[in-house]
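>>> missing the sequence, but the structure's below:
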């Protein structure tokens with residue numbers, strides 16, 4: 001597939017690897033906006049768990065679970081003491097809950113909708 005549009009370093013690397021016939025994959029994980037500059041062991045564990053599934057190589061991600069528990073306790077205590085941050089976190093959690101309930105169409109549904117849209121478009125070259 002040929003993509004045309006904005007990209008970043010990962011896209012450039014994937015394109016180069018494809019040209020060189022080097023298999024590649026990129027993994028990413030979401031981190032709450034208010035934690036962008038903080039360590040987030042839960043995200044690290046999620047990436048390592050997925051990497052283990054993709055590569056079939058043990059990543060020892062389970063070793064992070066105690067760190068995740070400690071981090072969660074510190075996070076909750078810090079948020080609890082700051083009303084503005086607590087309100088922001090509550091808003092983010094509500095947004096996440098609301099958005100996670102939105103039904104995402106399947107690839108087949110999207111394909112059918114696209115085909116229907118294309119059928120409804122006027123013929124640009126009626127002489128042919």
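Received, thanks. Quick caveat: nothing in here was measured; it's all calculated off a predicted structure.

>>> residues touching residue 58, list them.
With contact set as CB atoms under 8 Å, 6 or more residues apart in numbering, residue 58 has these partners: residue 52. C-beta here means a position set from N, CA and C on the backbone, and glycine is covered the same way.

>>> just residue 78 next, same as before
Applying CB under 8 Å, 6+ apart, we find residue 78 in contact with residue 85.

>>> where's it, which helix or strand?
helix 65-80 (DSSP states H and E).

>>> what's the helix or strand bottoming out on mean pLDDT in the chain in contact with?
Across the helices and strands of the chain, mean pLDDT, DSSP states H and E gives its lowest value to helix 83-100, namely a mean of 83. Outside helix 83-100, the residues that touch it by CB under 8 Å, 6+ apart are 32-34, 78-80.

>>> which of these sits closest to residue 124?
residue 33 (44.1 Å; CB to CB).

>>> for burial, what's the neighbour tally of the closest residue to that closest one other than its chain neighbours?
Once flanking residues are discounted, residue 33 sits nearest to residue 92: 7.1 Å by CB to CB, 6 or more residues apart in numbering. Residues near residue 92, counting by other CB atoms under 10 Å, number 13.

>>> which among the contacts of helix 83-100 count as buried?
With neighbours counted using 16 or more other CB atoms under 10 Å, the contacts of helix 83-100 contain these buried positions: residue 79.

>>> most widely separated two among the contacts of helix 83-100?
Farthest pair in the contacts of helix 83-100, by CB to CB: 33 and 80, 18.9 Å.

>>> which parts of this protein are helices?
9-19, 41-55, 65-80, 83-100, 107-119 (DSSP state H).

>>> perfect, I'm done here.
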